[in-house]
Every structure is written in C-alpha cells, then in structure tokens.
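coordinates only, sequence not included:
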C-alpha cells in the first residue's frame, strides 16, 4: 500500500513540476550515471541485437525486394526528370546563397542509440552524446535516411531524443518540389504514421511523393528547428478537407531500428546568423513564411 | 504475505532486474515483432511475485518501474505504480492459490502484460494524452499482449533458474509435500 502511495506521490510531483524541477534533475543525473553503462551494454549486446535483426530482415527481405524493384523503376523515371530541375535549382540556390542554410552549416555529432522506450506511448530514444559533445535541447537528429527527431533532454554524456512519431514533435514540411508548407505531426491513434496538415486546398499532392523539411524562416527568430530539404517521409494518401488539405505520410527513416544517428548541433555563426543575413538579402516585399511559428506552436502544444 | 527475505535472494532479484531491464532497453526494444516491441519488464515483475510472494513482488515491481522510468526519462512513478500492483497480485496468487499447472506462467505472463499495457494506457489517458481509442491502438495493445505471452515461458525459466536455491519455502507447499510423502500421518503416529 505504501509503495502505491509513494508511486502516486512521485507521479503527482513529477507531473506537476517544470522540466527544470528537482525530479527531472534527478532523472538527468541518473541518465548521466547510467549512460556509460548503457553505452557499454549496447556495444556488448550489439551482436545479439544484430542476430535478432537478421532473422527479422530475412523474413521481410523478399517483400522488400519486390517493393524496391518497383521503387527503383519509378525512381529511374524521376531521375531523368529531376536532372533538368536540379540544374535550375542549383542556379537559384547560388543566386540567393541558400546553400549556406543547409546541413553543412550545422556541426554534426555522431551518436549511438543506447536505449529505446518499449511502450507505445513514447517514441523516444536515448543517445550516448550529451552536453559535453555540444548537444543542446531542440537540436535536430538525423540518420542516413532522413530526419529522425529532436533532442528534448540533455545530460552531460547522454541525451533523450523524441522521434518524429512522438506526439510532442511537430515539423514544418512540404511535399516534393511544392512551395506549400504544412505541419507534420504524428497521426493521432496511429503511432507509426504521420499527418501533414494545413496544406492549401489547391496544392497538388500525389501518393508516393516525398515530404521534406521546409526549413522556413519566420520573423522574430521563430524559424524552423530543422534545416530545409531533409527527407522526412513519403505520401501514402491524401485527405480532401474543406479549407485545408491533409496528407498521410509514412516516415522514411526506419525508426524501429536506429543504431547510429547524427545530432545537428549549431556552432557559432551558423543557422541563426545566416537566417538574419538572408532576411537582409531577400528582395523587397518578399516576406518569409510563417509556417515555422506554427511548427513551434505545434511542438509546444503537443509537448505540454 | 511471505515476509522472509534473505540477502542472497534480494541480491539475485536486484541483479536479475538490472540485467533484464538493460537487456530490454538495449536489445529487445530495438527488435520489433509484428510491429510491436516485446516488453520483458512486466513479465519479470510478475514472475518475481509468483516465485517470491506478494511483498517482494511489490517491492521489486516498484524498484523495476522506477528504474525503467529513470532510465527512459518517462513520467516518474507511472511504471512503478503499475508494476507494484502486478508484483503484488502475482505474489498474492502464489500465497492464496499456489497454482502448479505447467501453463500457469503463460497465463500469469499474459495477464501481467495485459494489466501493464491497459493500465499504462489508462494512466496516460488520465494524464491527458491527446489520443482517441483507435483500432490501431487496440491492435498494438492486443499484439503486445500476444508477443509477451509467447516469450513468457522462456522468461519464466530464466527467472526461476536465476532465483533457484534462494526462494522462500511456502508453508502451503511444505504441508502438501509432507502429506504426499508421509501419507498425511507423522512417523510418530504410525509407530
């Protein structure tokens, strides 16, 4: 009985306090202590994990091969089309110096995933790099496939990353080459899928198109947390609504099997300063998009 | 309640809990089965309760829950609350019924997983998570219970093997064994 009461007291105190509160601090301190242990255990148990993963991969290999063959054909056709567009795109980038806003402006820190929540209510992972490596709260996290999530808590040698399928994460994104941006959030009730909302009703979206981060710039420093052009997912279906269009998106990154990720830490004179510079160079009358404000609001609201 | 803890038993329970929780976080959570993750923690708590009684079951449940919440930076106390109840109820089952059937661990594992998943979901709803009771959510819960039930017997074998030799003697079981070996009569009365 006393343990139940103690649990309830802990729950109430934890839920009621701010993220900088004492119990959160205890959690961060605990993470600092166990992070090296987790890291060691993770390395030691990697062969076991790979063995389990091998069985799963073998089972899915055949269906994946067929799907990939179809995708390969489709991509080959797209490649031809994209060659011409790419040339024009590069010219535009050079014109507006937008290349300075890409991922190259961040200082990527490679990290190993040392823990993952087993339950369906949290989509978070723990990584083995923290404040000591320059990782900060809200830093974007990517892997070889695309955007994975963002850092939400940092200890000295470890950090917690909320994946893009976590209800607290919202990403400003656009579909393919379209300029219309929306907010990408986990689909309520379907934790492995995403929903790109608030696209203009007249925007052209087709199933199979890729969704990328828009990296929008907003006045007052409310710019997007994520650099532009990071692949996030692929459109699976489109929902027609009255005022806005929403799109179902399947994440590109395999969030179930994360091993190595990169945290895009911001060094001095990087994104924030570049955005300020860009704002000065924009032609008169061109106003930066305000979607990023929506993204941050979505993140804040969902994150409680 | 069986309150006789010996230090060797406590040490083994603690070591087993730490090893299995880190194995869960580092390996098992990374390997989805039919789109869901096997969760060894409620099985571990249930089997500690089933082998050691309600008191140690509840204490182990609280400690394992706290370890999970601390390590995964989850809402502190939530897993502890659910696991304390699971450990206590499984311990009471042993003390009141002492089930000996071969399928008992399977059923207990299934029930513990169900209580863990449903209880956790209810608590999340009460804490204000913005999610409706959708088909996908129910599917995940049901699949979670099924895959946990499948691994219940191996986990039972591991837990029993790890705690063997330090487990408390149950009075009901001792009485039953004596009745079986002596025909219910003491050697003195037969003499």
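Structure received. Bear in mind that the values here come from a model prediction, so they are computed numbers and not experimental data. Residues are numbered from 1 along each chain as shown, chains lettered A, B, ... in the order given.

Next, the contact list for residue A:240, please.
Residue A:240 makes contact with residue A:201 under the criterion C-beta atoms under 8 Å, 6 or more residues apart in numbering or on different chains. Every C-beta, even on glycine, is put in place using the N, C-alpha and C of the backbone.

Try it again at 7 Å.
Applying C-beta atoms under 7 Å, 6 or more residues apart in numbering or on different chains to residue A:240 gives no contacts.

Name the helix or strand for residue 115, please.
Let's take chain A. strand A:106-116 (DSSP states H and E).

Chain B, not that one
helix B:104-126.

now do residue A:261
Residue A:261 belongs to strand A:260-266 when assigned by DSSP H and E.

Against which helices or strands is the strand holding residue A:115 packed?
Where contact means 3 or more C-beta pairs under 7 Å, 6 or more residues apart in numbering or on different chains; DSSP states H and E, strand A:106-116 is packed against helix A:22-44, strand A:124-127, strand A:260-266, helix B:7-26.

what are the pairing partners of it, and which direction each?
strand A:124-127 (antiparallel), strand A:260-266 (antiparallel) (DSSP bridges).

what stretches of chain B score poorly on pLDDT?
B:1-5, B:129-133, B:169-191 (pLDDT under 70).

my bad, chain A
A:84, A:87-104, A:121, A:177, A:188-189, A:191, A:216-223, A:241-242, A:267-304.

in it, which spans are strands?
Counting by DSSP state E, one finds strands in chain A at the ranges A:106-116, A:124-127, A:140-142, A:147-155, A:158-163, A:171-175, A:181-187, A:190-200, A:210-213, A:231-240, A:244-251, A:260-266.

Mean neighbour count, these: which tops it?
strand A:171-175 (a mean of 29; mean count of other C-beta atoms under 10 Å in any protein chain shown).

would you list every one of the helices in chain B?
Using DSSP state H, the helices of chain B run over B:7-26, B:40-52, B:54-71, B:78-96, B:104-126, B:135-150, B:152-163, B:171-182, B:187-190.

And the second one, what does it pack against?
If I follow you right, that is helix B:40-52. helix B:7-26, helix B:54-71, helix B:78-96, helix B:104-126, helix B:152-163.

was I right about residue A:266 contacting residue A:108?
No - the pair residue A:266 / residue A:108 is not scored as a contact, 10.8 Å apart, by C-beta atoms under 7 Å.

ok, and the closest non-adjacent residue to residue A:120?
Spatial nearest neighbour of residue A:120, excluding adjacent residues (C-beta to C-beta, 6 or more residues apart in numbering or on different chains): residue B:140 at 4.9 Å.

Oh, that last question was meant for residue A:192, not what I typed.
Closest to residue A:192 by C-beta to C-beta, 6+ apart is residue A:165, at 6.2 Å.

ok, that neighbour - how many residues close by?
23 (other C-beta atoms under 10 Å in any protein chain shown).

Residues of chain A that sit close to chain B?
Listed as neighbours of chain B in chain A under the rule C-beta under 7 Å from any C-beta of the partner chain: A:3-4, A:7-8, A:10-11, A:14-15, A:23, A:27, A:30-31, A:34, A:38, A:41-42, A:45, A:48-49, A:52-53, A:56, A:114-122, A:124, A:153, A:160, A:167, A:188-190, A:256-257.

re the thing from before, export the strands of chain A to TSV and tack on distance to residue B:15?
Shown next, in TSV, are the strands of chain A (distance: least, C-beta to C-beta, whole Å):
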stretch	distance to residue B:15
strand A:106-116	19
strand A:124-127	22
strand A:140-142	33
strand A:147-155	25
strand A:158-163	23
strand A:171-175	42
strand A:181-187	37
strand A:190-200	33
strand A:210-213	45
strand A:231-240	42
strand A:244-251	38
strand A:260-266	30
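
middle-most residue in the chain, spatially?
All of this is about chain A. residue A:149 (3.0 Å; C-alpha atoms, centre = their mean).

look at chain B instead
residue B:46 (1.2 Å).

That one contacts residue B:112, correct?
Yes - between residue B:46 and residue B:112 there is a contact under C-beta under 7 Å: 3.5 Å.

okay, and the common contacts of those two?
In contact with both residue B:46 and residue B:112: B:86, B:90, using C-beta under 7 Å, 6+ apart.
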